[in-house]
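Asks: 3D model of this:
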Amino acid sequence: MDFEIVMQELEALGKERLKKTYISNGAHEPLFGVATGAMKPLAKKIKKNQPLAEQLYATGNYDAMYFAGIISDPMMMTEADFERWIDGAYFYMISDYVVAVTLSETDIAQAVADKWIESGEELRMSAGWSCYCWLLGNRPDSEFTASKIASMLEQVKNTIHESPERTKSAMNNFIYTVGVSYLPLHDQAVEIAEAVGPVEVKRDKKKSSILLASENIQKELDRGKLGFKRKYVRC
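Replies: The predicted structure follows:
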């Protein structure tokens, strides 16, 4: 299936209502408004196709960029490729749910995410923290160094309230993910969640969101989800 046909298929799946929702969350033209679930049958036909993924991502069309993440072959991508992708990620749905997710399936995930976290750039930082969330929520605890994750928790505690808005959200999710999915530091994550308290995330033209990692961790504990790992990262 070539690029033109895929773009036509995506356009046909577009819904005006979803398009408006995506725009309200930060997307801009061009986009079609395709539900992620509606992309699955098309993805099954294509499977992994990195050259096609690159063509789609380069369009700047939100739906095409999202679909690029679904059909990409992460193990074929270099650090330079991910830098190019994060450069093109103009809002959090791309940085955190396309680029970070794709990165999390590679062997270079932690090294790249570490650089992004220290970049000082809002969406790079957000993608870096989000990548760790995808990693911790999927991979065995043994793949991580407890002292490193503990240091990251301390960094979140000390900087979250002064961080950029989207980065705050990803950092808050990091506390939650460690608390639920990384058993060696569950207790420390709970303590830091309590210390951090409510996190206000301001949004353009919308009411601020108040995030509370401690409450969300407790909800998962009540559901018996301590130690939960996702079977798959990408849909």
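Asks: got a list of contacts for stretch 208-225?
Replies: Here stretch 208-225 makes contact (Cβ atoms under 8 Å, 6 or more residues apart in numbering) with 168-169, 172-173, 175-176, 179-180, 189-190, 193-194, 196-203, 226, 228. For every residue, glycine as well, the C-beta is placed using N, CA and C.
Asks: ok, of these, which come out buried?
Replies: The neighbour count (16 or more other Cβ atoms under 10 Å) marks 168-169, 172-173, 175-176, 179-180, 189-190, 193, 196, 199, 201 as buried among the contacts of stretch 208-225.
Asks: for those, which two are the farthest from each other?
Replies: Largest separation among these by Cβ to Cβ: 190 and 201, giving 21.2 Å.
Asks: now residue 161, what are its backbone angles?
Replies: Residue 161 has phi and psi values of phi -70, psi -20 when expressed as degrees, to the nearest 10.
Asks: tell me which residue is most central in the protein.
Replies: In the chain, the residue lying closest to the centroid (Cα atoms, centre = their mean) is residue 96, at 2.7 Å.
Asks: pretty sure that one contacts residue 170?
Replies: Yes: look at residue 96 against residue 170 with Cβ atoms under 8 Å: they come within range, at 6.3 Å.
Asks: residues that sit against both of those two, list them.
Replies: Common neighbours of residue 96 and residue 170, counting by Cβ under 8 Å, 6+ apart, are 126, 127, 130.
Asks: top of these by number of neighbours, please.
Replies: Highest neighbour count within the shared contacts of residue 96 and residue 170, by other Cβ atoms under 10 Å: residue 127, with 32 neighbours.
Asks: my guess is that one contacts residue 102. True?
Replies: No: using Cβ under 8 Å, residue 127 makes no contact with residue 102, being 10.2 Å away.
Asks: so where's this structure shaky on pLDDT?
Replies: For the chain, the stretches with pLDDT under 70 are 235.
Asks: that one: helices as residue ranges?
Replies: 3-13, 16-24, 40-46, 50-57, 62-71, 79-88, 92-94, 100-103, 109-117, 122-136, 146-159, 165-181, 186-196, 213-222 (DSSP state H).
Asks: for these, could you give me TSV that also reports distance to residue 34?
Replies: Shown next, in TSV, are the helices of the chain (distance: least, Cβ to Cβ, whole Å):
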stretch	distance to residue 34
helix 3-13	5
helix 16-24	7
helix 40-46	9
helix 50-57	12
helix 62-71	4
helix 79-88	18
helix 92-94	12
helix 100-103	17
helix 109-117	27
helix 122-136	22
helix 146-159	34
helix 165-181	23
helix 186-196	35
helix 213-222	29
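Asks: just name the most buried of those helices.
Replies: Mean neighbour count (mean count of other Cβ atoms under 10 Å) peaks for helix 100-103 among these, with a mean of 27.
Asks: and it, what other elements does it pack with?
Replies: Helices and strands touching helix 100-103, by 3 or more Cβ pairs under 8 Å, 6 or more residues apart in numbering; DSSP states H and E, are helix 79-88, helix 109-117, helix 122-136.
Asks: now those as TSV including distance to residue 54?
Replies: TSV is the format used below for the helices and strands packed on helix 100-103 (distance: least, Cβ to Cβ, whole Å):
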stretch	distance to residue 54
helix 79-88	8
helix 109-117	18
helix 122-136	18
